[in-house]
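In: My questions are about this predicted structure, shown below with the sequence.
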Amino acid sequence: MAAPGSECGGSDGGYRDLRDVRVELDPGAARGGGGGGFAVCFWLYLSSSARPSSVILHQVTAGDDNKLPFLALGEGNKLLLFPLMRVHKEAPATASFYPWTDTTNLSSTNECPLEKWFHIGCEVTENFMRLHINGDLTAEIHLCSLSGESDHQENADKISLVGNDSKLEGYMYNIEVSSVLGTIQEQYAKNPPFKLSIDYSSSDGIEECDDGIWNIVGGKASCRRNFILEVVLIDAFGEPVKDKEVVASLVYADNGMVVEKSRDDSEPPLLITCEGLEYPAISRPLPIIRGRALFKLKISQLSSKCDNKLFRIQFSTLHMRRYPFLEAYSKTIRCISRNRTIRPLGSGKRVSSATADETDFLQGLVNADRVNGRLHSHGQSSVVHFHTPKFPKIEGDGMAKVVDTNKILSQNKHARKMVVSKEPQNAMGTDTSTSNFDSFGSGSSWSGSDVDDVETFSDAVVFRYCLDSTYDRSKFLRGAAPTFNKEDLVKLADEISLYSGCSHHRNQILMSKRLLREGADTWSMISKNNERALWSSAVPGIITKFMDIAHSVNRGLSEQDLEVLRGIAGCGEDIGRDEFDRLWYWLYPVAASLSRDKIKKLWDCTSPKWIEGFITIQEAENALRISKEMLKEPGTFVLRFPTTRSWPHPDAGNLVVTYIGSDNSIHHRLLSLDSSAATAENLQDLLLQEPELSQSSRVDRLPTAIRR
């Protein structure tokens, strides 16, 4: 038997392929009735291909080729534990096969999870065996001993547990054999394994087709677009993992092979933006901070240049062996180019500053008549087709919305006049790696190219804002808002609300001027005009500015709040401008929401604490648990700000209620705090919209200040 308490793991902290597992046991340790015995503990990860009849661990004796099951998957993918040969009379015979109905075994009560870590503990004595799952006893059986037989005495020290022989893809972690019973709960609680995954709720700059394939604009530098993906590295208990790095690479979706740079390409296929500069993604791993890493990526290789193959983004942990649970793959990607030939407009319309995208929109939206379901330009250009039954989806507050193109055309026959400077200054600093397609320089689809003249924003530009990603909206507002007066912002906000059918965009646009100005002032204060600042030195300035905007004198930011902000920024011991921008785009809308009198009273009330500060979705769910397996009573809730919604996303700064429903599961509901005062004042009504919360005593005890 392995030495008591020893780890039988290999490299990489005890991760082992099932095919490489071999543990020597000493059946003699099971003697002595209830006082003797041994325990085998390990974490198990099974692939999605695991099916009933698969043996996870075999038991074998020296010099014998027969492999008998020790741990297997039975009907319904339930774990089965079999008696130990040379110890129990009920041990399986050589003729034992699935479904093992004639063989004595212990069966777990629940289905075995796949592609997820779970802990197994097996206690063995000559009189009984016990099976533990995730620290809890799930099955026990009393057995007959073979201790009095000579055959048992001669072969008691020749039993091994060996892993599956290529029939089952699975992995073990931290397998231990101990001669001390009753320690399985302790083994379960220490040193859990971890798993890498993608948080799709934080993705941005991606268009998803009806078939689930992502369309991402790539290709040459003047056209490709940024898109954002966030990876999460957490342990089996849902806690964030620290001190790890993750790297991204572009692979083919069909075979997982890395997309190589062709001879004709001067750039790597996948690029990452760090500190405003572009680098090959494979050369720039990102550190995991509070269990998360935010990747800002671009693809330079087009699917059309690779036999129309689909791609995926592969994320993997650095300096560790390649395991499925330490890798994460995005959905399939079709990298496309949106270059178009600029067509002339009808007479009287300037096009010197318009890109191909805006020109196509203008042809259809400014000087068009509707004829037989098609839009014909008045100029010399060709016909622009709009298939009226198909409406483009736009981003809203958690629900898909559509825009009726015909309705827009009938309501907007003339371009609205909103004047913007040709070269607006970017108050928050633009990404130096961003292409002309995304920026506000010459040739941008958002601005003109002539410094001395001005260009009016057409319906097409407003319409495009509705269709673009949060990242592109932020770039537009960063360039345009500093040049707008208050009336211009109100007009723009009204237009966006009209086109999108979503009033929540309005508040984000109206706050943009002050958000950018306050952000620039705050960065100048904490950085002292340097490119970077120490995080420890930046914290006091961030807290001061937050309390000033939120008008809060009783409650600032706790250490936990600051750690969440640090994770949102993605910074380490120091912080740069890009990292500060990410932090500020999230923090300012939150502070603005807290400045409203009714919400501020909730924030300032800390006994009880109505708003749990800045917490992640995992921390909110953990707060609703009595233990890892048990939830608190239905109706219990936590108010939090979603960490994945940043300006100018319409949900930025809104509250989310995380609560336990009547079905004994955790739910999340957005409480939209838009610009209307009535909504902010009637927070209690928002909470009571959920039936499970209407019976909650916590709602009844809301501070009188926010009740009608």
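Out: Ah, there it is.

In: can you give me the helices for the stretch 451-600 of the chain?
Out: 459-467, 470-480, 486-500, 504-510, 512-527, 535-550, 559-569, 577-594, 597-604 (DSSP state H, counting those that start in this stretch).

In: Could you tell me the per-residue confidence at the residue lying closest to Lys600 once chain neighbours are set aside?
Out: Computed as Cβ to Cβ, 6 or more residues apart in numbering, the closest residue to Lys600 that is not its neighbour in sequence is Leu594, at 5.3 Å. Glycine gets a C-beta too; all of them are placed from N, C-alpha and C. At Leu594, the model reports a pLDDT of 90.

In: Please apply the same query to the one 3 residues further on.
Out: Asp597 is assigned a pLDDT of 82 by the prediction.

In: what's the neighbour count on it?
Out: 13 (other Cβ atoms under 10 Å).

In: cool, and Cys41?
Out: 22.

In: What is the three-state secondary structure of it?
Out: Under DSSP: H, G, I helix; E, B strand; the rest coil, the three-state class of Cys41 is strand.

In: what's the burial count for the residue nearest to it when sequence neighbours are not counted?
Out: Spatial nearest neighbour of Cys41, excluding adjacent residues (Cβ to Cβ, 6+ apart): Gln187 at 4.3 Å. Neighbour count for Gln187, taken as other Cβ under 10 Å: 21.

In: Could you confirm Gln187 falls within a strand?
Out: No - counting by three-state DSSP, Gln187 is not part of a strand but helix.

In: For it, report the pLDDT, please.
Out: pLDDT, Gln187: 88.

In: now Asp700
Out: pLDDT recorded at Asp700 is 53.

In: Next: Gly33.
Out: pLDDT, read off for Gly33, is 47.

In: same deal with the one 10 residues further on?
Out: The predicted local confidence for Trp43 comes out at a pLDDT of 95.

In: picking that back up, any chance of the helices of the stretch 451-600 of the chain in TSV with distance to Phe38 as columns?
Out: Output for those, formatted as TSV (distance: least, Cβ to Cβ, whole Å):
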stretch	distance to Phe38
helix 459-467	64
helix 470-480	56
helix 486-500	65
helix 504-510	61
helix 512-527	58
helix 535-550	49
helix 559-569	42
helix 577-594	51
helix 597-604	55
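
In: Number of residues surrounding Glu169?
Out: Glu169, neighbours per other Cβ under 10 Å, totals 17.

In: Just give the closest residue to it, not the sequence neighbours.
Out: The nearest residue in space to Glu169 (Cβ to Cβ, 6+ apart) is Ser47, at 3.9 Å.

In: next one: Lys244
Out: Looking at Lys244 with Cβ to Cβ, 6+ apart, the closest residue is Ile288, at 4.6 Å.

In: Wait, the residue nearest to Glu169 touches Pro324, no?
Out: Yes - between Ser47 and Pro324 a contact is recorded at 6.8 Å, counting by Cβ atoms under 8 Å.

In: Overlap of the contact sets of the two?
Out: 115, 169 (Cβ atoms under 8 Å, 6 or more residues apart in numbering).

In: nearest to Asn110, of the helices of the stretch 451-600 of the chain?
Out: With Cβ to Cβ as the criterion, Asn110 lies closest to helix 559-569 of the helices of the stretch 451-600 of the chain, at 33.3 Å.

In: on contacts alone, who are the packing partners of that closest one?
Out: helix 535-550, helix 577-594 (3 or more Cβ pairs under 8 Å, 6 or more residues apart in numbering; DSSP states H and E).

In: again, 6 Å this time
Out: Using 3 or more Cβ pairs under 6 Å, 6 or more residues apart in numbering; DSSP states H and E as the contact test, the elements touching helix 559-569 are helix 577-594.

In: For the helix it packs on, name the packing helices and strands.
Out: helix 512-527, helix 535-550, helix 559-569, helix 597-604.

In: so can I have JSON lines of those helices showing distance to Arg130?
Out: Shown next, in JSON lines, are the helices and strands packed on helix 577-594 (distance: least, Cβ to Cβ, whole Å):
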{"stretch": "helix 512-527", "distance to Arg130": "57"}
{"stretch": "helix 535-550", "distance to Arg130": "49"}
{"stretch": "helix 559-569", "distance to Arg130": "39"}
{"stretch": "helix 597-604", "distance to Arg130": "49"}
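
In: I figured Lys309 was touching Leu250, is that so?
Out: No - Lys309 is beyond contact range of Leu250, at 11.0 Å (criterion: Cβ atoms under 6 Å).

In: the more surrounded of those two?
Out: Remark: of Lys309 and Leu250, Leu250 carries more neighbours, 25 against 18, as counted by other Cβ under 10 Å.

In: Can you check the pLDDT for the more buried one?
Out: 96.

In: Which residues does it form beta bridges with?
Out: Here Leu250 sits in beta bridges with Ile313, going by DSSP bridges.

In: Surely it touches Val259?
Out: Yes - using Cβ under 6 Å, Leu250 is in contact with Val259, at 4.4 Å.

In: what do those two both touch?
Out: When contacts are counted by Cβ atoms under 6 Å, 6 or more residues apart in numbering, Leu250 and Val259 are jointly contacted by Pro269.

In: Point out where the stretch 201-350 of the chain drops to low pLDDT.
Out: Regions of the stretch 201-350 of the chain meeting the criterion pLDDT under 70 cover residues 263-265, 339-350.

In: Counting neighbours, what do you get for the residue nearest to Lys244?
Out: Neighbours of Ile288 (other Cβ under 10 Å): 25.

In: Repeat that for Tyr98.
Out: 16.

In: Once you drop chain neighbours, what's closest to it?
Out: Ser53 (3.8 Å).

In: all helices of the stretch 151-300 of the chain, in order?
Out: Using DSSP H, counting those that start in this stretch, helices in the stretch 151-300 of the chain cover 184-189.

In: Compute the distance between the residue nearest to Tyr98 and Tyr171, please.
Out: 20 Å (Cβ to Cβ, to the nearest Å).

In: same question, Leu46
Out: With Cβ to Cβ as the criterion, Leu46 and Tyr171 are 8 Å apart.

In: show me what contacts the closest residue to Arg19 other than its chain neighbours?
Out: Once flanking residues are discounted, Arg19 sits nearest to Gly163: 5.4 Å by Cβ to Cβ, 6+ apart. Counting by Cβ under 6 Å, 6+ apart, Gly163 makes contact with 18-19, 21.

In: follow-up on the earlier one: test my guess that the residue nearest to Lys600 contacts Trp603.
Out: Yes - counting by Cβ under 6 Å, Trp603 is a contact partner of Leu594 at 5.0 Å.

In: more crowded one of those two?
Out: Leu594 (25 against 22).

In: Any stretches of the protein with poor pLDDT?
Out: 1-13, 30-35, 148-157, 263-265, 339-457, 628, 672-708.

In: buried stuff in stretch 597-614?
Out: 598-605, 610-614 (16 or more other Cβ atoms under 10 Å).

In: ok, the residues you listed vs Thr273, which is closest?
Out: Nearest member of these to Thr273, counting by Cβ to Cβ, is Phe614, at 25.3 Å.

In: quick one, what contacts that closest one?
Out: Phe614 touches 561, 564, counting by Cβ under 6 Å, 6+ apart.

In: could you check the distance from it over to Val590?
Out: Taking Cβ to Cβ, one finds Phe614 at 8 Å from Val590.

In: again with Arg224
Out: 32 Å.

In: before we move on, the earlier item: Ser53 and Tyr171: which has the busier surroundings?
Out: Tyr171 (23 against 16).

In: Test my guess that the more buried one contacts Tyr45.
Out: Yes - here Tyr171 reaches Tyr45: they are 4.5 Å apart, a contact under Cβ under 6 Å.

In: hmm, back to that, the residue nearest to Glu169 and Glu140, how far apart?
Out: 29 Å.

In: go on, Pro648?
Out: 58 Å.

In: what bridges to Val60?
Out: Going by DSSP bridges, Val60 forms beta bridges with Ser160.

In: what sits against it?
Out: 67, 160, 162.
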